[in-house]
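S.K.: Here is a sequence with its predicted model. Questions after.
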Amino acid sequence: PPPPPPPPFQAEDGIRDNIPSLVGSEMCIRDRIKPHGSDELNPLFVYDTDKHEALSKEAETLPSLQLSSSAAGNAVMLGAGYYNPLTGFMNVADAIACADKMVTTDGIFFPVPVLNLTEKVEGFAVGDRIALRDPNVDGNPVLAVQTVTAIEDVSDEQMALMTDKVYRTADPEHPGVAAFNAQGQVAVSGPIEVLNFSYFQSEFPDTFRTAVEIRNEIQEHGWKKIVAFQTRNPMHRAHEELCKMAMEAVDADGCIIHMLLGKLKPGDIPAPVRDASIRKMADLYFPPNSVMITGYGFDMLYAGPREAVLHALFRQNMGATHFIIGRDHAGVGDYYGAFDAQTIFDDEVPAGALDIEIFNADHTAYSKKLNKVVMMRDVSDHTKEDFILLSGTAVREMLGNGKAPPPEFSRPEVAQILMDYYQSLN
């Protein structure tokens, strides 16, 4: 077997310590699920240390463009290999095609536009190389270098079409709609070379992983079937048992709990608190060596069905063979139906577009009759009163008052971490 990959961002022979390793990546791909759109993963991070150093020096001499937070998150995803096989930011034609039909003009399946939108362009033109600066790190360091192949105005009608297709609403109160339309209407397209992973590598060194690194860790574990679980929230008993149900149903070797580390909406629990509570749950309640807890850098779209497809695509790129999608996956408010994020795979995603398999889940809750967590669809004889159900608002109020939810709802050790957080706010 290949040697295990080094820890992320470990210095090798005195070389710069912010360059992760590609060790074992070819072996990871062999006999595993292929990345989307290519035989091998093609991350846009510059791994070669000499090239990285030369590009960093060049970037300081180039015209600059400060990215939106959304575009910076997309640059991180491109650099990490999650957006394989894309090579950079789309032009308007590709963005419109992906919004409308989920394929680029060249026929590459991709469920959402990946744009570098800005309000205006000054100091550079088509054909130039520009330094893309990070809006989320003090001093706005260079995140990537882009070769500009097009600079295009995006019309109000084109913005409206993309908004409607991706978010299924034009409501400016929708957080994804608001963020998308606040970036500007000038698209700067072209391939990029990524120099770092923004604040994610420094603020979440134990959790942030690239798709390359996750494939390496899967290889190290020797896993063949891997279930991925997306979360932007702490995990309670229902989430824990859902992962176990999926693992048992597909006979998986392991589960990857893959948490969002990027910007959320106001009121969401910060990533470090989620991370601590999830690690505690996994340590105490999962078999040893059956779970990987990792995270990725991305600004949540809250795009419901379309975002569910994007989530599946980049879980395939990181090496997962199965992906759990539950009720209202990636949704917000009442914009989407409870199972829209599941039915889109049957109704809109072309056959064979993705290799990853979807594990459709119903709402899970603790059954008082059976004394265990069940999927509601599996217990037709139950009424609402037969479950322990708590709203998010009720749980937050309990935790804020220093009261733990029932152990059937939340593990006591998890509840304690969350109580400490909510009480710190008071």
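M.R.: Received the coordinates, thanks.

S.K.: Paired strands for the host helix or strand of residue 143, with orientation please.
M.R.: Using DSSP states H and E, residue 143 sits within strand 142-147. Sheet pairing for strand 142-147, assigned by DSSP bridges, gives strand 129-133 (antiparallel), strand 186-194 (antiparallel).

S.K.: Can you get me the centre-to-centre distance for the shortest one and its chain?
M.R.: If I follow you right, that is strand 129-133. Strand 129-133 has its C-alpha centroid displaced from the chain centroid by 24 Å (C-alpha atoms, centre = their mean, to the nearest Å).

S.K.: who touches residue 319 in this structure?
M.R.: Neighbouring residues of residue 319 by C-beta atoms under 8 Å, 6 or more residues apart in numbering: 28, 32, 33, 211, 214, 215, 218, 226. The C-beta positions use only the backbone N, C-alpha and C, and glycine is treated the same way.

S.K.: got a markdown table for those residues, with secondary structure, pLDDT and neighbour count too?
M.R.: Converted to a markdown table, these look like this (DSSP: H, G, I helix; E, B strand; the rest coil; pLDDT from 0 to 100; neighbours: other C-beta atoms under 10 Å):
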| residue | secondary structure | pLDDT | neighbour count |
| --- | --- | --- | --- |
| 28 | helix | 38 | 25 |
| 32 | coil | 86 | 17 |
| 33 | coil | 97 | 23 |
| 211 | helix | 98 | 27 |
| 214 | helix | 98 | 26 |
| 215 | helix | 98 | 27 |
| 218 | helix | 97 | 23 |
| 226 | strand | 98 | 26 |
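
S.K.: Tell me the one of those residues nearest residue 104?
M.R.: Closest approach between the contacts of residue 319 and residue 104, by C-beta to C-beta: residue 211, at 19.8 Å.

S.K.: Does that closest one touch residue 45 like I think?
M.R.: No - Residue 211 is beyond contact range of residue 45, at 10.3 Å (criterion: C-beta atoms under 8 Å).

S.K.: Quick check: neighbours shared by the two?
M.R.: With C-beta under 8 Å, 6+ apart as the test, residue 211 and residue 45 both reach 80, 81.

S.K.: In the stretch 201-350 of the chain, where is pLDDT below threshold?
M.R.: By pLDDT under 70, the weakly predicted segments of the stretch 201-350 of the chain are 263-265.

S.K.: can you map out the helices along it?
M.R.: Using DSSP state H, counting those that start in this stretch, the helices of the stretch 201-350 of the chain run over 211-221, 237-250, 271-285, 305-317, 340-347.

S.K.: who touches the second one?
M.R.: It stands for helix 237-250. Applying C-beta under 8 Å, 6+ apart, the contact partners of helix 237-250 are 225, 227, 229, 231, 252, 254-255, 257, 281, 285-286, 290-291, 321-322, 324, 326, 357, 359, 361, 363-366, 372-373, 375, 407-411.

S.K.: one step back: what's the closest of the contacts of residue 319 to residue 346?
M.R.: Each of the contacts of residue 319 was scored against residue 346 by C-beta to C-beta, and residue 33 proved nearest at 20.4 Å.

S.K.: Isn't the closest one up against residue 317?
M.R.: No - at 9.2 Å, residue 33 and residue 317 do not qualify as touching, with contact defined as C-beta under 8 Å.

S.K.: what helix or strand does the closest residue to residue 46 other than its chain neighbours sit in?
M.R.: Nearest non-adjacent residue to residue 46, counting by C-beta to C-beta, 6 or more residues apart in numbering: residue 52, 4.5 Å away. For residue 52, the host element (DSSP H and E) is helix 49-59.
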